[in-house]
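[1] what follows is a protein structure lacking sequence information:
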């Protein structure tokens, strides 16, 4: 049974054989569902909590 992995940026499930795997120098593997997520995380260093299209957003101002 193939393992379901989730995008490191937006949290959406990635089917086996799809997406982008990025291996850092320390050996950690980051998996991204699309080039949009990959570029947002690696190239532009965006915070996923501030993106409106990201599924794993955190509610603001509940203190």
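    Structure's in. What do you need? Bear in mind that the values here come from a model prediction, so they are computed numbers and not experimental data. Numbers count the residues shown, from 1 in each chain.

[2] quick one: the helices in the chain, in order.
    For the chain, applying DSSP state H gives helices covering 35-38.

[3] excluding its backbone neighbours, what's nearest the residue most central in space within it?
    For the chain, residue 9 is the residue whose C-alpha lies nearest the centre (CA atoms, centre = their mean; 2.0 Å). Excluding the flanking residues, the one nearest residue 9 by CB to CB, 6 or more residues apart in numbering is residue 37, at 3.9 Å. Every C-beta, even on glycine, is put in place using the N, C-alpha and C of the backbone.

[4] so who does that neighbour touch?
    Contact analysis of residue 37 by CB atoms under 8 Å, 6 or more residues apart in numbering lists 7-10.

[5] out of the residues you listed, which are inside strands?
    Judged by DSSP state E, the subset of the contacts of residue 37 located in strands is empty.

[6] those into JSON lines, with extra columns for distance to residue 19 and pLDDT?
    What follows is the contacts of residue 37, written out as JSON lines (distance: CB to CB, whole Å; pLDDT from 0 to 100):
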{"residue": "7", "distance to residue 19": "7", "pLDDT": "94"}
{"residue": "8", "distance to residue 19": "10", "pLDDT": "94"}
{"residue": "9", "distance to residue 19": "11", "pLDDT": "93"}
{"residue": "10", "distance to residue 19": "11", "pLDDT": "92"}
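
[7] from those, which is closest to residue 28?
    For the contacts of residue 37, the minimum distance to residue 28 (CB to CB) is 9.5 Å, reached by residue 8.

[8] surely that closest one touches residue 40?
    No - the pair residue 8 / residue 40 is not scored as a contact, 10.7 Å apart, by CB atoms under 8 Å.

[9] can you show me the strands along this protein?
    5-6, 13-14, 20-23, 29-32.

[10] can I get the ones you listed in JSON lines with mean pLDDT?
    As requested, the strands of the chain are arranged in JSON lines below (pLDDT from 0 to 100):
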{"stretch": "strand 5-6", "mean pLDDT": "94"}
{"stretch": "strand 13-14", "mean pLDDT": "94"}
{"stretch": "strand 20-23", "mean pLDDT": "97"}
{"stretch": "strand 29-32", "mean pLDDT": "96"}
